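Undergrad: please work out how this folds:
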Amino acid sequence: MKRAGIIGGLGPESTVDYYKLFIDKYQQRVNSRQKLPELYINSINMYNIFQFISENEIDKLIDYVGKAAQQLESIGADFIVIAANTPHIVFDEVRKQVDVPMISIVEATYERTKEMGIENAGLLGTKFTMEHDFFKEQFWKHQEKITVPSEEQQAYLHEKIVEELENGIVKEDTKKDFIQVVNQMVEESGIDGLILGCTELPMILKEGDVSIPLINTMEIHVDKMVEQVFREE
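TA: Model prediction:
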């Protein structure tokens, strides 16, 4: 059985959810509550990530996340995931720094949208995820549409993600505002699926809150982790 390595702390709330969901899905796979997967978590500081991106210090970002991956590899991780969307800005560069496989949340999410038949996906996340192209490029290179909110809405969503959701705070007023943003994207841009491109977003947006399917990047990522555990090379 392969051992997972998780780069976590990005933020802590979703790292806990990754851990619990990975165990749950693993136990479903083996049909036993008496068995557990083996894994390592290297918890780093999400605020360092935000600072490096804000100051356009991409080399420092690569080095910071890359060292976290190398540490997991050195202690025996057979594959590695970054338990957040935003740090995937440098995923390709980090992947080159280790010899074990790394599973991309962006690639996995694109595959799922294709399976679902989504033709114009909406993307919510931190401002870094929405304003940079690393997520959108996965769709563009396949001539697929992907839509983000307005710059003003991006700033608001980012503020609420960082100040509230990253700290485990869910407010009803914030949820109403998020739903309003999504409804506007449906009406004005015709999105037919919504990518929850921040692993804290499932805390506030649930299936049925809006008229279109929600695409939970964390759950998709964890599904790939479980597949990797049992994959024969």
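Undergrad: could you list the low-pLDDT ranges of the chain?
TA: 233 (pLDDT under 70).
Undergrad: where do the strands sit along it?
TA: Secondary structure of the chain (DSSP state E): strands located at 4-8, 39-43, 79-82, 102-103, 120-124, 145-147, 193-196, 214-216.
Undergrad: now the end-to-end length of stretch 6-16.
TA: 11 Å (Cα to Cα, to the nearest Å).
Undergrad: how far does it sit from its chain's centre?
TA: Centre-to-centre, stretch 6-16 and its host chain are 10 Å apart (Cα atoms, centre = their mean, to the nearest Å).
Undergrad: go through that stretch and flag the buried ones.
TA: Residues of stretch 6-16 classed as buried: 6-15 (neighbour count, 16 or more other Cβ atoms under 10 Å). For the C-beta atoms, the positions are set from N, CA and C on the backbone; glycine is no exception.
Undergrad: which of the residues in stretch 189-206 are buried?
TA: Applying a neighbour-count criterion of 16+ other Cβ under 10 Å, one finds 191-205 buried in stretch 189-206.
Undergrad: sorry, that was for stretch 31-41
TA: Within stretch 31-41, judged by 16+ other Cβ under 10 Å, the buried ones are 37, 39-41.
Undergrad: let me have those in TSV, extended by distance to residue 231.
TA: Compiled in TSV, the buried residues of stretch 31-41 are given as follows (distance: Cβ to Cβ, whole Å):
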residue	distance to residue 231
37	13
39	15
40	18
41	21
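Undergrad: between those, which sits nearest residue 70?
TA: Nearest to residue 70 among the buried residues of stretch 31-41, counting by Cβ to Cβ, is residue 40 at 12.4 Å.
Undergrad: how close does that closest one sit to residue 102?
TA: Applying Cβ to Cβ, to the nearest Å, the value for residue 40 to residue 102 is 14 Å.
Undergrad: one more: residue 157?
TA: Going from residue 157 to residue 102 by Cβ to Cβ gives 27 Å.
Undergrad: can you check residue 28 too?
TA: Residue 28 is 24 Å from residue 102, by Cβ to Cβ.
Undergrad: who's more crowded, the two?
TA: Comparing residue 28 with residue 102 by other Cβ atoms under 10 Å, the one with more neighbours is residue 102, at 21 against 11.
Undergrad: which residues touch the more buried one?
TA: With contact set as Cβ atoms under 8 Å, 6 or more residues apart in numbering, residue 102 has these partners: 69, 79-82, 91, 94-95.
Undergrad: dig out what it forms beta bridges with.
TA: residue 80 (DSSP bridges).
Undergrad: next, the residue positioned nearest the centre of the chain: phi, psi?
TA: For the chain, the residue sitting closest to the mean C-alpha position, by Cα atoms, centre = their mean, is residue 85 at 3.5 Å. With angles defined as degrees, to the nearest 10, residue 85 sits at phi -90, psi -50.
Undergrad: list the contacts for the nearest residue to residue 107 once chain neighbours are set aside?
TA: In space, residue 107 comes closest to residue 138 once its chain neighbours are excluded; the distance is 6.4 Å by Cβ to Cβ, 6 or more residues apart in numbering. Residue 138 sits next to 106-107, 109-110 when contact means Cβ under 8 Å, 6+ apart.
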